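In: here is my input, please return the structure:
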Amino acid sequence: MDSRGKRLSRLLSAPEILICPGVYDGYSARMAANFGYKSAVISGAGVSESHLGWADKGIMGYRENVEVCRMLASLSDDLLLQADADTGYGNAVNVNFTVKGFENAGVAAVMIEDQVWPKRCGHLAGKSVIPAEEMVQKIKSAVDAKRDPDFVIKARTDAAGPLGINAAIDRLNAYAEAGATLLFADALLSEKDIIDVASNVSKPLAVNMGLGLLTRGTTPLIHPKRLQEIGVSMVSYPRLMSTGAVKGMSNAMEAFDQMLESEQTTERPDLLMSFKEHNQLVGIDLLDELESRYTEPSDHV
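Out: Have a look, this model is predicted:
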């Protein structure tokens, strides 16, 4: 079988846009696979928020991130995962080891961004970026580190906000020349911005869409068919499932509090996945099959 990187590269070069939900834990990765998606982005924000309980402002470190990615990659060979390695956790030397760690974890791609550390979610105010040449060295180090020649290095720039669209385009082309295979300009504010970037970069372009991120000053929602028309190769929805899950938990807890106050026990199947559906989501059928295959019949009554 081709490597995960090669399979992802093939999807990125296809004429159809690659649509990727954001995953962050076992539930979300299982859900993406069950709905038939071929690739998903591991949301660094989602991992920080769900596993550490802290917002995406540089609290999570390399170890926490790579171990979650390793766990998620072990769930499926078919779902091609793209990791978010923030700024690479240091300078170009650190990036070399960071990329090795994420590739060894079993993902198909890793993203490195050009924010200063501590970084922050791309749609938060107050971002700043490192010098372009420093990021170029990080990308060169990332390319040198990968064992699989098809492992995807995704270079992200956050320069559009603080420095403008032209600076973002120049940076992405410099990162492409350094060896990045997928480019990403975060927090573009209009369809025109996306068109300008897509029309002026030399490698496939990825964008994020904000389902679950509906605040002022973020990238507008554009249908994937339109994004494909304007030259975007990949679109991700990093907060779709995480914000959906949190809203679902909030609704369930509110209903539970109402039940306690009313002193009447009521079922709410509209709010909760059934026990059977839940077990099927988390692999009970395979576990039952393995148990049947390897467990000797018991003589005990």
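In: contacts and neighbour counts: CA atoms only from here.
Out: Noted.
In: P238 against S43, yeah?
Out: Yes: using CA atoms under 8 Å, P238 is in contact with S43, at 5.6 Å.
In: between these two, which contacts overlap?
Out: Counting by CA atoms under 8 Å, 6 or more residues apart in numbering, the shared contacts of P238 and S43 are G22, V23.
In: quick check: the gap between G5 and N34.
Out: Distance of G5 to N34, computed by CA to CA, to the nearest Å: 21 Å.
In: kindly report the same for G164.
Out: Taking CA to CA, one finds G164 at 40 Å from N34.
In: got it, and L163?
Out: From L163 to N34 the distance is 41 Å (CA to CA).
In: contacts for stretch 155-168, please.
Out: Residues contacting stretch 155-168 (CA under 8 Å, 6+ apart): 111-115, 122, 127-129, 139, 171-172, 175-176, 180-188, 193, 197.
In: sorry, back to before: give me the more crowded residue out of G5 and N34.
Out: Of the pair G5 and N34, G5 is the one with more neighbours under other CA atoms under 10 Å, namely 23 against 11.
In: tell me the secondary structure for that one?
Out: helix (DSSP: H, G, I helix; E, B strand; the rest coil).
In: quick one: contacts for it?
Out: So G5 contacts V107, A108, A109, D148, D150, F151, V152 (CA under 8 Å, 6+ apart).
In: run the last query once more with 10 Å
Out: 11, 80-82, 103, 106-109, 148-153 (CA atoms under 10 Å, 6 or more residues apart in numbering).
In: tell me the pLDDT of P118.
Out: Predicted confidence (pLDDT) at P118: the value is 81.
In: which residues does it contact?
Out: Taking CA under 10 Å, 6+ apart as the test, what P118 contacts is D56, K57, G58, I59, M60, D86, T87, Y89, K127.
In: next SSE after the helix or strand of the chain with the lowest mean pLDDT?
Out: When the helices and strands of the chain are scored by mean pLDDT, DSSP states H and E, helix 160-163 comes last with a mean of 91. Counting by DSSP states H and E, the next helix or strand C-terminal to helix 160-163 is helix 165-177.
In: report the buried residues of that following helix.
Out: Neighbour-count burial for helix 165-177 flags I165, A167, A168, I169, D170, R171, L172, N173, A174, Y175, A176 (criterion: 16 or more other CA atoms under 10 Å).
In: now do the longest helix along the chain: everything it contacts.
Out: Identified as the longest helix of the chain according to DSSP state H is helix 240-262. Contact with helix 240-262 is made by 21-25, 27-29, 31-32, 43, 45-47, 49-50, 209-213, 239, 263-268, 270-272, as judged by CA under 10 Å, 6+ apart.
In: in ChimeraX, how would I select the buried members of those?
Out: One line in ChimeraX is enough to select the buried members of the contacts of helix 240-262, burial here meaning 16+ other CA under 10 Å:
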select :21,22,23,24,25,28,29,31,32,43,45,46,47,49,209,210,211,213,239
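In: of the contacts of helix 240-262, which belong to strands?
Out: P21, G22, V23 (DSSP state E).
In: for the residues you listed, give me JSON lines that also has pLDDT.
Out: Formatted as JSON lines, the ones in strands among the contacts of helix 240-262 follow (pLDDT from 0 to 100):
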{"residue": "P21", "pLDDT": "97"}
{"residue": "G22", "pLDDT": "97"}
{"residue": "V23", "pLDDT": "98"}
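In: format those as a markdown table; extra columns: distance to V143.
Out: Shown next, in a markdown table, are these (distance: CA to CA, whole Å):
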| residue | distance to V143 |
| --- | --- |
| P21 | 26 |
| G22 | 24 |
| V23 | 25 |
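In: return the member of those nearest to R226.
Out: Each of the ones in strands among the contacts of helix 240-262 was scored against R226 by CA to CA, and P21 proved nearest at 17.6 Å.
In: which of the contacts of P118 has the most neighbours?
Out: D86 (28 neighbours).
In: distance from stretch 255-264 to the middle of the chain?
Out: 37 Å (CA atoms, centre = their mean, to the nearest Å).
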